[in-house]
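**Student:** Give me a model of this one.
(chains A and B)
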2 protein chains.
Amino acid sequence: MTFEKVTIIGLGLIGGSLARALRDSNTAGEVYGVDVDQSSIDYALSEGIIDAGSTDIIKGVQNADIIVIATYVGTIAKTAESFIASAREGSIITDVGSVKGDVVREIEEILPPGVHFIGGHPIAGNENSGVRAAVRDLYKGKRCILTPTQKTNPDAISKVTAIWESVGCDVYTLDPDTHDRILGFVSHLPHIVAYSLINSVISSDNADELFNFAGGGLKDYTRIAASSPEMWTEIFRANKTQVLQAIKHFKSSLESIEEAIENEDKDKLISELQKAAGSRRSMD
Amino acid sequence: MTFEKVTIIGLGLIGGSLARALRDSNTAGEVYGVDVDQSSIDYALSEGIIDAGSTDIIKGVQNADIIVIATYVGTIAKTAESFIASAREGSIITDVGSVKGDVVREIEEILPPGVHFIGGHPIAGNENSGVRAAVRDLYKGKRCILTPTQKTNPDAISKVTAIWESVGCDVYTLDPDTHDRILGFVSHLPHIVAYSLINSVISSDNADELFNFAGGGLKDYTRIAASSPEMWTEIFRANKTQVLQAIKHFKSSLESIEEAIENEDKDKLISELQKAAGSRRSMD
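**Tutor:** Residues are numbered from 1 along each chain as shown, chains lettered A, B, ... in the order given. Just a heads-up that it's a prediction; the model follows:
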C-alpha cells in the first residue's frame, strides 16, 4: 500500500466511488470517510466502501496522509478552512471540484507551513448522485486533471497522481485558469445548452405533445440535463467568467446558422454545417 | 404477401434499410429500387437488398402498388412530378421526408385522378448515409408519422400503415403542419444546437486543446453534428418557419440562464435548472 490513511470528505457519487476504488486497489491502509449525513457513513461502512467514518471532520483529517475534499465546488474552500489547522505536517490536501481558479487561489492563501495542496478534477460522473450511486469503476480509463501552480510542492503532484492512477485515471496537468476555460467550453456550456433545450420545449405551445415525440433526437441529446441542478448552479457560478465567454461564442455560432436559414443562404448554411460535421467526425 | 410491387426511389440509408426490411418481412412480391447511381443499385442487388432495380424512374414506377420516395427533402416534390404521369391507376405514393407541409401541398396539387398520396416520416436513422449503411432493423420499435389531410384516400392511409408496421414501426398520424412544428423542436433544433456547439469550440482560442478534452461532455453530446450537412441544409430550409420559431424559443431559454449567471441570481438559476432536470427525468 502507498498511503497509511486517505480521508475523503463528502461521500457522494464522486467521493464514494473514489473510496470504493481505493479500497479495491489496496492503495491505502485506511480509507476514512467524512460526511455531514450519518446515514451516508452508515451505508458506506455497511457496503465496505470505507474502512471507518465520522461526521466529525477534525477527527477525520487527523493523521491523514491525503485529504480529498469531494464536496460541491461552492463549499470546497470553506471546507478546507474548517479543518486546515488540524491537518498534520506533511499532509496533502486535494479536491475534485469542476472549477479550479478561485478554489486553488483561496486554499493556497490559507495553507499553514508544511501542509500542501493541489487542485484536482476527475472528468467522470453520471446523472446520479449520492453514496448509493457510488461504483468501483467510475474512474477507469477517465481523465483526471491536476492543476499545480508555482507554489505547489512536487511531492504533492506525484502523490496525488499516484492516487488517481491507482483507480484507473490518466492524469494530466493544466494551470487552473486554462482548466476553467477548457471545461467552460467542453463541459459547462453543453450542460447549459441541454438545460436550455429542455426549457425551450417546456415553454412552447403543447409541450406535452412535443415530449411525446422526444425520441426524434431531443431525448438522447439532453441526458445531461437530468444532472443535479444544485451542483451545476454552483459550477456555473464558480466559473462565471469563462462560462459567459463560452455562451457568447456559442450564441455567435448559433446566430450564423440562424441567419443563413433566415436569408435562405444555402451556401453559407452548408458551409457552417460542414465545418461542424468535419470537426465532430475527427473526434471519434 | 400484401403487395405485388413496392418501388423505392433513392437507395440511401433510409430507402435501402426499408428495402431490406420489406424483403425480410415478405411484404412485397417484388421490391424494386431506383437510384441515380448505378453502383448503388448494383450493390443493393448483390446484397439482396432489392429484387430488381434501375436508374430509370419511369420503368421503376410502372405497375407499382406503392411508390416510396426516399430522396432528400428538397427533391421529393420534383421527383414525384417526374414520374407521376406514369403511375398506374390505384397506386399509392408516399415519402420519408423529415419536413411535410410544403411537400404534401405540392404533391397533392399535381396528383392525377386515381393516384393517391400520403406523406410519411419514419423517425429513424443514424449518422451514416448511403446504401452501404442500410440495415434490416433500422425501423424496429421506431415511430413512423403519417400526415394525411382531408384529401387523403383512406385506403392509402391503411396500406402505407401496413408497410411501416411490417418493418417494425409504431405508426402515428399528425397533420403536416403539426408534424413540422413538433419536429422543428424535438429534432431540427437539437441538430442546429449541436452544429453550433462544435462551431463555437472551433472558433475559440486554442481549439485543438479544447477538442483534446472533449470527453468532458462535448463529444457524447454532439454525435448528431456528424450527420450529413447536405441533408440537414435541405431540412432546415424546408422547415424554415418552424425552425426559426424553435431557435427563438431556445435563445430565450438560454438567455434566462445566461442572465441568472451574469447577475449571480442563485435562486433564478437553480429554478431554471430544476425545471429542465425535472422534465428531462420524466422522459426516461
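**Student:** all strands for chain A, in order.
**Tutor:** Residue ranges of the strands in chain A, as given by DSSP state E, are A:3-9, A:28-34, A:52-54, A:66-69, A:92-95, A:116-123, A:143-147, A:170-173.
**Student:** Which strands border the fourth one, and is each parallel or antiparallel?
**Tutor:** The strands beside strand A:66-69 in its sheet (DSSP bridges) come out as strand A:3-9 (parallel), strand A:92-95 (parallel).
**Student:** Output these in CSV; the columns should cover mean pLDDT and mean neighbour count.
**Tutor:** For the C-beta atoms, the positions are set from N, CA and C on the backbone; glycine is no exception. Converted to CSV, the strands paired with strand A:66-69 look like this (pLDDT from 0 to 100; neighbours: other C-beta atoms under 10 Å in any protein chain shown):
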stretch, mean pLDDT, mean neighbour count
strand A:3-9, 97, 24
strand A:92-95, 98, 26
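**Student:** mind putting those in a markdown table, distance to A:Asp155 included?
**Tutor:** A markdown table is the format used below for those (distance: least, C-beta to C-beta, whole Å):
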| stretch | distance to A:Asp155 |
| --- | --- |
| strand A:3-9 | 12 |
| strand A:92-95 | 8 |
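**Student:** So for A:Ala85, which of these sits nearest?
**Tutor:** Proximity to A:Ala85, assessed across those by C-beta to C-beta, is greatest for strand A:92-95 (12.3 Å).
**Student:** circling back to that earlier point, what's the closest of the strands of chain A to A:Asp220?
**Tutor:** Closest to A:Asp220 of the strands of chain A is strand A:116-123 (C-beta to C-beta; 20.5 Å).
**Student:** At which residues are the helices of chain A located?
**Tutor:** A:13-25, A:38-46, A:57-61, A:76-83, A:101-110, A:154-166, A:176-183, A:189-202, A:207-212, A:218-221, A:229-238, A:240-262, A:266-282 (DSSP state H).
**Student:** Ranked by average pLDDT, which of the ones you listed falls at the bottom?
**Tutor:** Per-stretch mean pLDDT for the helices of chain A is lowest at helix A:218-221 (a mean of 80).
**Student:** Which secondary structure elements does it sit against?
**Tutor:** In this structure, helix A:218-221 packs against helix A:189-202, helix B:189-202, with contacts taken as 3 or more C-beta pairs under 8 Å, 6 or more residues apart in numbering or on different chains; DSSP states H and E.
**Student:** A:Asp265 reaches A:Glu259, doesn't it?
**Tutor:** Yes: at 7.4 Å, A:Asp265 counts as touching A:Glu259 under the criterion of C-beta atoms under 8 Å.
**Student:** For A:Thr152, list the residues it contacts.
**Tutor:** The neighbourhood of A:Thr152, defined by C-beta atoms under 8 Å, 6 or more residues apart in numbering or on different chains, consists of A:His116, A:Phe117, A:Ile118.
**Student:** And it, how far from A:Thr173?
**Tutor:** Counting by C-beta to C-beta, to the nearest Å, the gap from A:Thr152 to A:Thr173 is 10 Å.
**Student:** Also A:Lys219?
**Tutor:** Computed with C-beta to C-beta, the distance linking A:Lys219 and A:Thr173 is 37 Å.
**Student:** tell me which residues in stretch A:12-25 are buried?
**Tutor:** Burial within stretch A:12-25, assessed by neighbour count using 16 or more other C-beta atoms under 10 Å in any protein chain shown, is assigned to A:12-23, A:25.
**Student:** restrict the residues you listed to those near chain B?
**Tutor:** Near chain B, taking C-beta under 8 Å from any C-beta of the partner chain as the test, no member of the buried residues of stretch A:12-25 is found.
**Student:** Show me the domain layout of chain A.
**Tutor:** Following automatic domain parsing, one finds the domains of chain A at A:3-174, A:178-282.
**Student:** Just give me how far the longest one sits from the chain centre.
**Tutor:** Pointing back at domain A:3-174 there. Relative to its chain's centre, domain A:3-174 lies at 12 Å (C-alpha atoms, centre = their mean, to the nearest Å).
**Student:** just wondering, since we're on the residue nearest to A:Lys142 when sequence neighbours are not counted, how far is it from A:Ile145?
**Tutor:** Nearest residue to A:Lys142, sequence neighbours excluded (C-beta to C-beta, 6 or more residues apart in numbering or on different chains): A:Ala124, at 4.2 Å. With the distance defined as C-beta to C-beta, A:Ala124 ends up 11 Å from A:Ile145.
**Student:** How about the contacts made by the residue nearest to A:Ala80 when sequence neighbours are not counted?
**Tutor:** Leaving aside its sequence neighbours, A:Ala80 sits nearest to A:Ile107 (C-beta to C-beta, 6+ apart; 4.9 Å). Contacts of A:Ile107 were listed using C-beta under 8 Å, 6+ apart, and they are A:Ile76, A:Ala77, A:Ala80, A:Ile93, A:Asp95, A:Phe117, A:Gly119.
**Student:** can you put these in JSON lines and add distance to A:Ser204?
**Tutor:** Written out in JSON lines, the entries for those read as follows (distance: C-beta to C-beta, whole Å):
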{"residue": "A:Ile76", "distance to A:Ser204": "38"}
{"residue": "A:Ala77", "distance to A:Ser204": "41"}
{"residue": "A:Ala80", "distance to A:Ser204": "45"}
{"residue": "A:Ile93", "distance to A:Ser204": "47"}
{"residue": "A:Asp95", "distance to A:Ser204": "40"}
{"residue": "A:Phe117", "distance to A:Ser204": "47"}
{"residue": "A:Gly119", "distance to A:Ser204": "41"}
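**Student:** just those residues now: which is nearest chain B?
**Tutor:** Nearest to chain B among the contacts of A:Ile107, counting by C-beta to the nearest C-beta, is A:Gly119 at 15.6 Å.
**Student:** I'd guessed that closest one sits against A:Thr94; true?
**Tutor:** Yes: counting by C-beta under 8 Å, A:Thr94 is a contact partner of A:Gly119 at 7.0 Å.
**Student:** which neighbours do those two share?
**Tutor:** Common neighbours of A:Gly119 and A:Thr94 (criterion: C-beta under 8 Å, 6+ apart): A:Leu146.
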